[in-house]
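> I'd like to go over a predicted model; first the sequence, then the structure.
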Amino acid sequence: MQSDETDFPDPETCDRARLARDRAFDGLFFSGVRSTKIYCRPVCPVRPAKSANVSFYPTAAAAENAGFRPCLRCRPEAAPGSPAWRGTAATVGRAMRMIEAGYLDDKQVTALADSLGIGARHLCRLFARHAGASPAQVAATVRVQRAKRLIDFGEMPMSEIAFAAGFQSIRRFNDVFRALYGRAPSSLRKTIKR
């Protein structure tokens with residue numbers, strides 16, 4: 001079951017929504033038909049099963065975990081909130097989270113694309129559309145922001161900050177800061193008075 005029980009409707013509400021094919025509930029629950037071992041969205045066009053044969057699940061994964069397989073008519077993988085429903089923005093969001101976690105600090109964009117199951121050129125097109133920058137540019141910005149936080153709020157030596165922020169060399173660290181801020185990273189360190 002879902003960790004937040006308040007979002008998951010009670011079985012009677014689920015059954016009424018399923019029988020009415022209520023679009024307001026699409027993506028909020030899935031119904032599993034015990035006689036066919038198939039699970040559906042509430043808006044499924046197939047003739048509704050008898051209520052006695054139906055159980056309800058908060059996610060498609062929960063229905064599959066209970067032994068049901070997805071309906072080929074209503075396509076549960078395309079329910080609101082699913083990655084397929086969110087489309088390419090979901091792919092970019094996942095890539096952004098991987099970049100934030102440092103994925104591109106020691107790997108190439110092609111490795112990121114491979115891990116997402118798409119080509120590098122397509123990933124770059126998606127980033128241009130959804131993020132307005134390439135994955136490499138996003139990674140560079142993330143590294144600079146990480147380094148800037150360490151400079152502002154830490155006491156680490158600059159060489160340690162460079163590597164902790166994901167830069168591959170101190171020279172690259174210095175070059176990026178000079179290009180972006182017009183000065184060396186060490187000149188950005190704030191004097192903390194205690």
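Done, it's in. What you see is a predicted model; the values in this text were computed from it and never measured.

> tell me which residues of stretch 14-29 are tucked away?
Neighbour counts over stretch 14-29 (16 or more other Cβ atoms under 10 Å) mark Cys14, Asp15, Ala17, Arg18, Phe25, Asp26, Gly27, Leu28, Phe29 as buried. Placement of C-beta: from N, CA and C, glycine included.

> give the contact list for the first one.
With contacts defined as Cβ atoms under 8 Å, 6 or more residues apart in numbering, the neighbours of Cys14 are Phe25, Phe29, Ser31, Pro42, Phe56.

> mind checking which helix or strand it is in?
helix 11-20 (DSSP states H and E).

> After the lowest-mean-pLDDT helix or strand in the chain, heading C-terminal, what element do we hit next?
Every helix and strand in the chain was compared by mean pLDDT, DSSP states H and E; the lowest is helix 83-86, with a mean of 61. The helix or strand immediately downstream of helix 83-86 is helix 88-100, counting by DSSP H and E.

> what sits up against that following helix?
Counting by Cβ under 8 Å, 6+ apart, 83, 86, 104, 112, 115-116, 118, 123, 126-127, 129-131, 135, 138-139, 142 sit against helix 88-100.

> Among the residues you listed, name the buried ones.
Counted by 16+ other Cβ under 10 Å, the contacts of helix 88-100 give 104, 112, 116, 118, 123, 126-127, 130-131, 135, 138-139, 142 as buried.

> Which of these fall in strands?
Among those, none falls in strands (DSSP state E).

> Could you export those as JSON lines, including distance to Arg94 and pLDDT?
Output for the buried ones among the contacts of helix 88-100, formatted as JSON lines (distance: Cβ to Cβ, whole Å; pLDDT from 0 to 100):
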{"residue": "Leu104", "distance to Arg94": "13", "pLDDT": "92"}
{"residue": "Leu112", "distance to Arg94": "10", "pLDDT": "94"}
{"residue": "Leu116", "distance to Arg94": "7", "pLDDT": "87"}
{"residue": "Ile118", "distance to Arg94": "11", "pLDDT": "89"}
{"residue": "Leu123", "distance to Arg94": "11", "pLDDT": "93"}
{"residue": "Leu126", "distance to Arg94": "11", "pLDDT": "89"}
{"residue": "Phe127", "distance to Arg94": "12", "pLDDT": "89"}
{"residue": "His130", "distance to Arg94": "12", "pLDDT": "82"}
{"residue": "Ala131", "distance to Arg94": "12", "pLDDT": "83"}
{"residue": "Pro135", "distance to Arg94": "12", "pLDDT": "94"}
{"residue": "Val138", "distance to Arg94": "13", "pLDDT": "90"}
{"residue": "Ala139", "distance to Arg94": "14", "pLDDT": "91"}
{"residue": "Val142", "distance to Arg94": "15", "pLDDT": "90"}
